[in-house]
Every structure is written in C-alpha cells, then in structure tokens.
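# Quick one: sequence plus predicted model below, questions after.
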Amino acid sequence: MAAHPLGVITMQPGASPHEQWMHMPPTLPGCPPGLEYLTMIDQILCHQQISLAEVFTGWETNNKYVVRNSMGQQVYYAFEETDVCMRMCCGKNREFTIHVVNNYNQEVMKIYRPFKCFAGCCWCAALDCCAHETFIEAPVGVPIGSVRQLPTGCTFDYAIRDAAGETQLIIDGPCLMCRCCADVEFPVYTKDKQMRVGCVTKQWGGLVKEMVTNADNFGITFPLDLDVKTKATLMGAMFLIDFMVFEDRNKNRH
C-alpha cells in the first residue's frame with residue numbers, strides 16, 4: 001500500500017484559518033512524540049467530516065475526522081487510507097489505515113485494521129480469523145497497543161491491550177438494537193469489570209444527518225492520569241467501533 005503524501009499538505013486539514021488549535025505541550029519523558037496532548041486532557045471529541053461526493057453519489061470515500069478537546073480546540077486530524085476496491089467491495093469490514101497528524105502536519109499515530117474474511121460475528125470472535133482488531137503505533141513503526149473484539153452474544157465488547165498483548169481495559173458495548181435516536185454509550189471498565197473508568201459515546205446527530213450521511217460524532221472520556229498509550233489505544237477502539245457498528249455503505253444509496 002502506498003504511503004500517503006503528507007508532504008503535499010500546506011496547512012492543517014480540517015481547520016479553517018480562524019479555528020482554534022490546541023498548543024503543543026512540551027516534550028515529556030517516556031511519552032511518544034506527539035501524544036503529549038493526551039496527557040493534558042480527560043476527554044476528546046471526534047467529528048467525522050461529511051463527504052458531499054458520498055452523499056450525492058453513494059460512492060464510499062475515505063473517512064476524515066477532526067479531533068478536538070472539550071474546549072473545541074483542534075488536537076489532531078485523522079484520515080483513512082484505503083483503496084477504492086476495498087471500500088466498495090468490503091464496506092465496513094474493509095482493511096483500513098488511519099493516519100493521525102498533529103496541527104503541524106506531523107504523523108504522530110497510525111491505526112491499522114487488517115482484513116479478515118470471517119470477521120464480524122460476535123459469537124465467533126474467540127477465533128483469530130473471526131475477531132476484528134486494530135493495532136496502534138506511536139510513533140509510526142512502534143506498537144503501543146491493540147484493540148480486539150471479544151466473543152459475546154449480541155453486544156459489541158472489546159479488550160484494550162498494551163503492546164505486549166495484555167488486557168488493560170474492557171469496553172462493554174450495548175446491543176446493536178439500542179442505537180436509534182439517542183446517544184449510544186460504550187462504557188469503559190477496568191479489566192476485572194469492577195469499576196467504570198470512562199466511556200466511548202457515539203453522539204446522535206439528528207434524524208436528517210443520520211439518514212442521509214454516515215458521518216458520525218464520537219466522544220471519549222477517560223481519567224486524566226490514565227497512561228497516555230492507553231488513551232491513544234482508546235482512540236483506536238473508537239475508530240474500530242465506528243466502522244463495525246455505524247459505518248453503513250448502503251446508507252447513501254438512492
């Protein structure tokens with residue numbers, strides 16, 4: 001797969017010249033470069049940008065997201081890299097790479113999901129060939145964590161793992177049938193599920209937007225002192241949830 005030509009970007013994508021950007025924090029020992037932003041916040045908001053081409057033609061395009069803090073300041077910009085055949089033939093189950101860049105157009109994180117022919121069934125996710133996964137690198141080339149779908153009944157549960165594959169947190173997802181006309185919460189618990197420590201929330205965008213486009217808004221809350229690599233891995237979980245649960249390539253068909 002060809003690398004995205006980051007060098008051709010002349011200004012921060014996703015932001016207008018008058019939009020507020022979060023200032024870059026100082027470098028911190030032990031923190032992957034570019035993730036210093038996450039050490040200062042306990043909440044992020046992720047807004048998927050609407051593709052007019054997708055709305056009017058029904059052709060699935062690469063997803064793009066603006067990531068902001070609770071004050072509305074832009075922290076990151078994220079964009080999908082997937083070839084056309086993969087998007088059109090495999091839909092929400094497609095292989096993807098999400099590139100995350102900071103406000104200086106420097107790639108600080110990469111989120112990758114491999115394609116698996118038999119993935120998608122909640123009952124069979126105990127098998128490697130059937131479980132959706134994302135792998136997070138920060139900086140690019142350095143694994144810091146992964147997200148793996150867990151075998152459950154009708155719910156969408158995930159394990160948040162560190163670079164060694166050890167589970168750090170559990171996302172206890174709702175049943176798909178409960179997602180209409182309201183925010184949908186995916187609570188985040190400690191690995192023993194005894195304490196809730198955060199939440200990934202898909203925010204209801206209104207009837208018209210939900211019917212016409214698959215552009216979704218998400219929020220993630222987590223403890224301020226949570227390990228920065230785990231915070232970044234939760235971002236990887238958010239993108240996996242978006243594709244698995246809310247990405248519907250047929251939504252825009254007329």
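In hand now; what should we look at?
# residue boundaries of the helices in the stretch 1-150 of the chain?
Under the criterion DSSP state H, counting those that start in this stretch, the stretch 1-150 of the chain contains helices at 52-57, 84-90.
# State the number of residues packed around the closest residue to Asp172 other than its chain neighbours.
Nearest non-adjacent residue to Asp172, counting by Cβ to Cβ, 6 or more residues apart in numbering: Pro187, 5.2 Å away. Where C-beta positions appear, they are placed from N, C-alpha and C, glycine not excepted. By other Cβ atoms under 10 Å, 17 other residues sit near Pro187.
# Now the phi/psi pair for Pro187, please.
phi -60, psi 150 (degrees, to the nearest 10).
# Can you tell me which helix or strand of the protein has the lowest average pLDDT?
helix 207-212 (a mean of 47; mean pLDDT, DSSP states H and E).
# Which helix or strand lies directly C-terminal to it?
Sequence order places strand 217-221 as the next helix or strand after helix 207-212, per DSSP states H and E.
# chain center to whichever helix or strand comes after that next one: distance?
Going down the chain from strand 217-221, the next helix or strand is helix 228-241, by DSSP H and E. Distance of helix 228-241 from the chain centroid (Cα atoms, centre = their mean, to the nearest Å) equals 6 Å.
# Take helix 228-241, keep the C-alpha atoms, and write them as CSV.
Provided in CSV are the C-alpha atoms of helix 228-241 (Å, rounded to 0.1, in the frame of the first residue of the first chain):
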residue,chain,number,x,y,z
VAL,A,228,-1.1,8.1,27.5
LYS,A,229,-0.6,5.0,25.4
THR,A,230,-3.8,3.5,26.8
LYS,A,231,-5.6,6.8,25.9
ALA,A,232,-4.2,6.5,22.3
THR,A,233,-5.4,2.9,22.2
LEU,A,234,-8.9,4.0,23.2
MET,A,235,-8.8,6.3,20.1
GLY,A,236,-8.1,3.1,18.1
ALA,A,237,-11.1,1.5,19.7
MET,A,238,-13.3,4.5,18.7
PHE,A,239,-12.4,4.1,15.0
LEU,A,240,-13.0,0.3,15.2
ILE,A,241,-16.4,0.9,16.8
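# hmm, back to that, rank the helices of the stretch 1-150 of the chain by pLDDT, which is bottom?
By mean pLDDT, the lowest-scoring of the helices of the stretch 1-150 of the chain turns out to be helix 52-57, with a mean of 52.
# beta partners of Gln48?
Under DSSP bridges, the beta-bridge partners of Gln48 are Tyr65.
# That one: neighbouring residues, count only.
21.
# show me where pLDDT drops low in the stretch 51-200 of the chain?
For the stretch 51-200 of the chain, the stretches with pLDDT under 70 are 51-60, 117-129, 153, 176-181.
# can you give me the strands in it?
Listed in chain order, the strands of the stretch 51-200 of the chain (DSSP state E, counting those that start in this stretch) span 64-68, 74-81, 96-101, 107-113, 133-137, 143-149, 155-162, 167-175, 184-190, 196-203.
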